[in-house]
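Visitor: sharing a sequence plus its predicted fold:
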Amino acid sequence: MTRLSQWTLIRALVRNVLFLLEAEIKTHAIQLDIHLSKNQLLVLGDSVEIEQVIFNLIQNALDKLDTEDKSPHSIVLSTARVENQTLVSVVDDGFQIDDSMLDRIFEPFVSTKKDGMGLGLALCERIVNRLNGQIELYNVPVGVKARFTLPAI
Ligand SMILES: Nc1ncnc2c1ncn2[C@@H]1O[C@H](COP(=O)(O)OP(=O)(O)OP(=O)(O)O)[C@@H](O)[C@H]1O
Ligand SMILES: [Mg+2]
């Protein structure tokens, strides 16, 4: 089934995802900081798919709370306009990703989690690339930054 692409405010998609994750976030002692651009940022695509991307990135940050490694204390979710792109980023302050893993992180069925399918990022990449955007994950001094861009109006 082909879904209709339409222009949607990124802040509306973020809000929907946070609503879905609200209960899970509340069960953790975690600081979630949201920095939404004051500009009305629009993205073109199927809103459910873009929500899935945002959801998976936040879920990956939250998953660290269930591991024995150092847990993240905060997650920072931001949106911004960068040149002609809408940028969404999720930064956590948990443990970093091994270099050997970083190379394979977008491959399907690559996971370090006990119950992970390793499909979240593969799906994110597919959705974002199909919408002519780009997605990347990299280590920051403390934790991991995930970011994706989509063409803006
Ligand atoms: N924020 C992050 N911090 C540390 N490692 C991460 C982060 N996001 C992803 N990873 C690593 O990338 C792997 C692949 O992530 P991906 O979302 O594709 O699969 P998964 O989370 O393991 O399983 P699924 O999403 O299918 O439930 C993870 O298993 C984890 O090792
Ligand atoms: Mg995942």
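Guide: Yes, it's here. Numbers count the residues shown, from 1 in each chain. Ligands and ions are numbered 1, 2, ... in the order given.

Visitor: show me where the protein has its strands.
Guide: 6-9, 31-35, 42-45, 74-82, 85-92, 134-139, 144-151 (DSSP state E).

Visitor: of all those strands, which one is nearest ligand 1?
Guide: With C-beta to the nearest ligand atom, the closest approach to ligand 1 among the strands of the chain belongs to strand 144-151: 3.9 Å. (C-beta placed from N, C-alpha, C; glycine too.)

Visitor: pairing partners for the closest one, with directions?
Guide: Here strand 144-151 has these sheet partners by DSSP bridges: strand 85-92 (antiparallel), strand 134-139 (antiparallel).

Visitor: can you tell me what sits against it?
Guide: Outside strand 144-151, the residues that touch it by C-beta atoms under 8 Å, 6 or more residues apart in numbering are 43-45, 50, 53, 57, 60-61, 82, 84-92, 94, 96-97, 124, 128, 131-139.

Visitor: now swap in stretch 59-69 and tell me
Guide: Contacts of stretch 59-69 (C-beta under 8 Å, 6+ apart): 21, 24-25, 28, 30, 71-72, 75, 90, 92, 94-95, 113, 116, 120-121, 144, 146.

Visitor: ok, back up a step: tell me, which of the contacts of strand 144-151 make contact with ligand 2?
Guide: By C-beta under 5 Å from the ion, the members of these lying near ligand 2 are residue 60.

Visitor: of the contacts of strand 144-151, grab the buried ones for ChimeraX.
Guide: In ChimeraX, this line selects whichever of the contacts of strand 144-151 come out buried by 16 or more other C-beta atoms under 10 Å:
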select :43,44,45,50,53,57,60,61,85,86,87,88,89,90,91,92,94,96,97,124,128,131,133,135,137
